[in-house]
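Student: predicted model, plus sequence, below.
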Number of protein chains: 2
Amino acid sequence: MQSDAPSVRAALEYARANAARFTTRLAELVRFASVSGDASRRDDVRLCAEWLVRTLRTIGLPHARLIETSGAPLVFASLRRSAPNGRATILVYGHYDVQPPGPSAEWHSPPFTPTIRDGAVVGRGASDDKGQLLAHVNAIESWIHTAGELPVNVVCLFEGEEEIGSPALRRFLRTHGPRLGVQAAIISDTRMRAVDRPAITYALRGKMRIELVVLRRGREVHAGEFAGAVFDPARALASIVASLHEPGGRIAVDGFHDSIRVASAAERTYMKRVGPSDAEILGSGGLEPAPETCERSLYERTTLDPAISVTELQAGDAGEHGKSAIPARTSAMLDLRLVAGQDPRRIAQLVRTHARRFAPPGAHVALRIRSASPALVLDPRNAALRAGARAAEATFGRPVVFLRSGGTIPVVDTLASLGIPTVLLGFALADDGMHAPNERFGVRRFAQATECAIRFLAEAGRTLSPRPLQ
Amino acid sequence: MQSDAPSVRAALEYARANAARFTTRLAELVRFASVSGDASRRDDVRLCAEWLVRTLRTIGLPHARLIETSGAPLVFASLRRSAPNGRATILVYGHYDVQPPGPSAEWHSPPFTPTIRDGAVVGRGASDDKGQLLAHVNAIESWIHTAGELPVNVVCLFEGEEEIGSPALRRFLRTHGPRLGVQAAIISDTRMRAVDRPAITYALRGKMRIELVVLRRGREVHAGEFAGAVFDPARALASIVASLHEPGGRIAVDGFHDSIRVASAAERTYMKRVGPSDAEILGSGGLEPAPETCERSLYERTTLDPAISVTELQAGDAGEHGKSAIPARTSAMLDLRLVAGQDPRRIAQLVRTHARRFAPPGAHVALRIRSASPALVLDPRNAALRAGARAAEATFGRPVVFLRSGGTIPVVDTLASLGIPTVLLGFALADDGMHAPNERFGVRRFAQATECAIRFLAEAGRTLSPRPLQ
């Protein structure tokens, strides 16, 4: 661990001196009910974006602005010296939208009335992702107010649709990404290994949502008159869904496992050493492990293995009072998590073939791919990831842990397809209540995240080489 | 076929002379949007019941009244001579509630604005059951206005909850049924075999609704983090549902078929001779027959065979925008149609045992019996059914056809348990659009139904012996 350069120390001291004001800033941001999944909150989403633009302008990014999309606006700001300036350019990503708060009875304080409790800012979005986003805003402010400039060119891009799949941002990046001249991206929207144990996520599972629809000709019919005479689509749907797994739990789709790139023995040894235990993964939520007999740890199963889950089933009209009709249409939403080597298009084809093969005679089966994003493995030796690792180690006093995640961040795949590696350096903890009631972000952790972000900009400026604007 | 007695002829002539007024009466009744399954129509249901009370009082039943229930009111009226009068007592049943109209775009005229088109009254409830109910009201009026009395004691009981399972009426009958001193009931809410071919339904399948719930401990969890680590309830539900049938379509629940009372060869020969063809059952709705290879006709399969259909599946929250959560609770509604010999309680136990046996390890399975009603077979030689058959033959000029129905009318079972046989003598046709858009009831058929009801009262008075009031 090397000691900080004088310019870094000045920025860190500024951040420490302004820590209370930064916490107030976080509370202000949490106050916006920017729920992207709730159409009635569209105004709150926009007000939140406008607040971010004002804040970025205040801290020294005078050209911060909204970029309109078909959905929530993007918040965009860049600060470069006059080109060519010999500095690399870093994309700082964050999302200002939040999950719906869920049942208000489970919140100890209103979700959009932030309060400080047990040393944490409590409110929807505190950790996911408003606190982590602001750590980078604070870091930029700290640099500009002490050095008068940033150690690296920065493009800030904050979206308001992360919780609904980032459609606008991904379109924006595919169109305008190449012209941004970015060498690397940093996203703070993942977890630490534990308190004071920093982590960089280097692998994500892919994700594909397949809607499986089974239809019968004609309309819904009265079960009394027709039960036994006509095809029952929900029964057929159940047969197909049940056929996707072997009794032992292994996915039964022919060819599904064929192309999987298996993790090396060295990586698995490393995973065993640093990864979470089964108990840590199941947490305190009263969860039970899947019953499949398997000697692999839950950490391995949720990151190295693909999975097919059924997230929705729909048949009939549960709202109708005692109605007894055999529906004409039923559907299931299959959530596939893919691993390295699995091409979503090929997997979709295998699932389609399987569904057709296991459909009972008479079933009209349709599969619709609703979203698809492949798995991604980043090289921990990549210069940007190493810069993140050094910044985290200097901040927390412990080496960073490289972790695989079972989740999917589609924008990381979009960036990778542009040749941009992403440093997934996050500061959330398992018990921060992301997507749950009483979400929180520790005040001390918020300060650490800000310091880590300050150091990351320095490390990136020092070690990354620039790429010319296209 | 014997010729009508003079008193019957007088009543028939009155009915013919008043046919136009009776049609206007049906149009008036159809005007009420008495949709029992729609809470916002509660006032329409009540106004409809009040209209019926006023009508019954007008035609000579001065003590007609509402009986309040926890739901829609019952319409009650009785006309007896001073007891003991040596006459049998007939329960005349009908229901004044209707199905929801469904998509308005599919109606050629508004569902509650009755119109005469192609010789039929068109509107929701025209055939199910307002037209058939009024046939009996017309018949009672015709008798009272000509003979000054009825040939038999009559208790009218019209309910407003048939389309939602008759809960109030069944409670009322269980409590007050024995004191009504009724020998037989007549229900006109079934179909004829064809135009001018009258039919009496002598067998009904039983019905049981079982809600199958599969639970996992804990709350819903993020599929990215947990897919592969926790139990997937929807997958387990699909396995259980899929296990209920053999690949060939036969129900796979152990013991399910053991106690079935098989129809005699003579009955099956009769069924073949008079029953509907497969094409008639599938109708013009673009239905396809169930794919199971089976040499039995659809008429046999829908009336002599039990069936399990899946009328509802529920898992996850289809409304949420792209949410990827593994739910903690999923459910299916199983609609069982039972046949003679199958005790609903024993069948429920067999299904429960089966579900537990086929549940994957880790599944928490709960079964809830939501309703249960056994199959019922009435003896066509019963005096009341014979009275109905004679009335129908005299009216339509052809012998009545005795039919089995695949459906269930729970109140018939309640009456049977009180020792009261029910004459299921209905006047609807397959293309009357019951439960569908553009429901209709032919004007000529309405007059025939009225005449048949007039004759049934005479036949019942002539041939049924009275039972003392308890």
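Tutor: Arrived safely, thanks for sending.
Student: how far does the helix or strand of chain A with the lowest mean pLDDT sit from the chain's center?
Tutor: Using mean pLDDT, DSSP states H and E, the weakest-scoring helix or strand in chain A turns out to be strand A:221-222, at a mean of 86. Offset of strand A:221-222 from its chain centre (C-alpha atoms, centre = their mean, to the nearest Å): 44 Å.
Student: give me every residue that touches the closest residue to residue A:32 other than its chain neighbours.
Tutor: Sequence neighbours aside, residue A:48 is the residue nearest to residue A:32 in space, at 3.6 Å (criterion: C-beta to C-beta, 6 or more residues apart in numbering or on different chains). To be clear about C-beta, it is placed using only N, CA and C from the backbone, and glycine gets the same treatment. Residues in contact with residue A:48, defined by C-beta atoms under 8 Å, 6 or more residues apart in numbering or on different chains, are A:29, A:32, A:34, A:96, A:97, A:160.
Student: what helix or strand is residue A:48 on?
Tutor: helix A:42-58 (DSSP states H and E).
Student: model confidence over that helix, on average?
Tutor: For helix A:42-58, mean pLDDT is 98.
Student: got the contact list for residue A:300?
Tutor: Going by C-beta under 8 Å, 6+ apart, residue A:300 touches A:268, A:271, A:275.
Student: on that earlier part again, can you tell me which of the contacts of residue A:48 is closest to residue A:359?
Tutor: Distance ranking of these against residue A:359, using C-beta to C-beta, places residue A:97 first at 38.8 Å.
Student: give me the phi and psi for that closest one.
Tutor: Backbone torsions for residue A:97, taken as degrees, to the nearest 10, come to phi -90, psi 160.
Student: ok, and the closest non-adjacent residue to it?
Tutor: residue A:36 (3.7 Å).
Student: list the residues that contact the residue nearest to the spatial centre of chain A.
Tutor: Closest residue to the average C-alpha location of chain A: residue A:409 at 4.1 Å, with C-alpha atoms, centre = their mean. Residue A:409 makes contacts with A:187, A:189, A:204, A:424, as judged by C-beta under 8 Å, 6+ apart.
Student: only C-alpha atoms, please: export the helix or strand hosting residue A:29 in PDB.
Tutor: Using DSSP H and E, the element containing residue A:29 is helix A:19-30. Only the C-alpha atoms of helix A:19-30 are listed here, as PDB (Å, rounded to 0.1, in the frame of the first residue of the first chain):
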ATOM      1  CA  ALA A  19     -18.800  15.000   5.500                       C
ATOM      2  CA  ALA A  20     -21.800  16.400   7.300                       C
ATOM      3  CA  ARG A  21     -22.800  18.500   4.300                       C
ATOM      4  CA  PHE A  22     -22.500  15.400   2.100                       C
ATOM      5  CA  THR A  23     -24.800  13.400   4.400                       C
ATOM      6  CA  THR A  24     -27.300  16.200   4.200                       C
ATOM      7  CA  ARG A  25     -27.000  16.000   0.400                       C
ATOM      8  CA  LEU A  26     -27.800  12.300   0.500                       C
ATOM      9  CA  ALA A  27     -30.800  12.900   2.600                       C
ATOM     10  CA  GLU A  28     -32.000  15.500   0.100                       C
ATOM     11  CA  LEU A  29     -31.600  13.100  -2.800                       C
ATOM     12  CA  VAL A  30     -33.400  10.300  -0.900                       C
END
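Student: what sits up against that helix?
Tutor: A:15, A:48, A:51-52, A:55, A:96, A:112, A:114, A:116, A:121, A:123-126, A:130-131, A:134, A:137-138, A:441, A:443, A:446-447, A:450.
Student: what of stretch A:357-371?
Tutor: Counting by C-beta under 8 Å, 6+ apart, A:165, A:207-217, A:231, A:233, A:235-236, A:239-240, A:243, A:333, A:344, A:348, A:351-352, A:355-356, A:410, B:247, B:288, B:290-291, B:322 sit against stretch A:357-371.
Student: go on, stretch A:240-248?
Tutor: Contacts for stretch A:240-248 (C-beta under 8 Å, 6+ apart): A:212, A:214, A:251-253, A:292-293, A:308, A:310, A:313, A:332, A:334, A:351, A:354-355, A:358-359, A:363, A:365, B:234-235, B:238-239, B:241-243, B:360.
Student: mark which of those are buried, thanks.
Tutor: With burial judged by 16 or more other C-beta atoms under 10 Å in any protein chain shown, the buried subset of the contacts of stretch A:240-248 is A:212, A:214, A:251-253, A:292, A:308, A:310, A:313, A:332, A:334, A:351, A:354-355, A:358-359, A:363, A:365, B:234-235, B:238-239, B:241-243, B:360.
Student: which helix or strand contains whichever residue of the stretch 201-350 of chain A sits closest to chain B?
Tutor: Ranking the residues of the stretch 201-350 of chain A by distance to chain B (C-beta to the nearest C-beta) places residue A:224 first, at 3.1 Å. Using DSSP H and E, residue A:224 falls within helix A:223-226.
Student: buried stuff in stretch A:408-421?
Tutor: So, applying 16+ other C-beta under 10 Å, buried residues of stretch A:408-421: A:408, A:409, A:410, A:411, A:412, A:413, A:414, A:415, A:416, A:420, A:421.
Student: ok, the last one - contacts?
Tutor: Residues near residue A:421 by C-beta under 8 Å, 6+ apart: A:184, A:185, A:378, A:379, A:382, A:384, A:385, A:415.
Student: hmm, 7 Å instead?
Tutor: Neighbour list for residue A:421: A:184, A:378, A:382, A:384, A:385 [criterion: C-beta atoms under 7 Å, 6 or more residues apart in numbering or on different chains].
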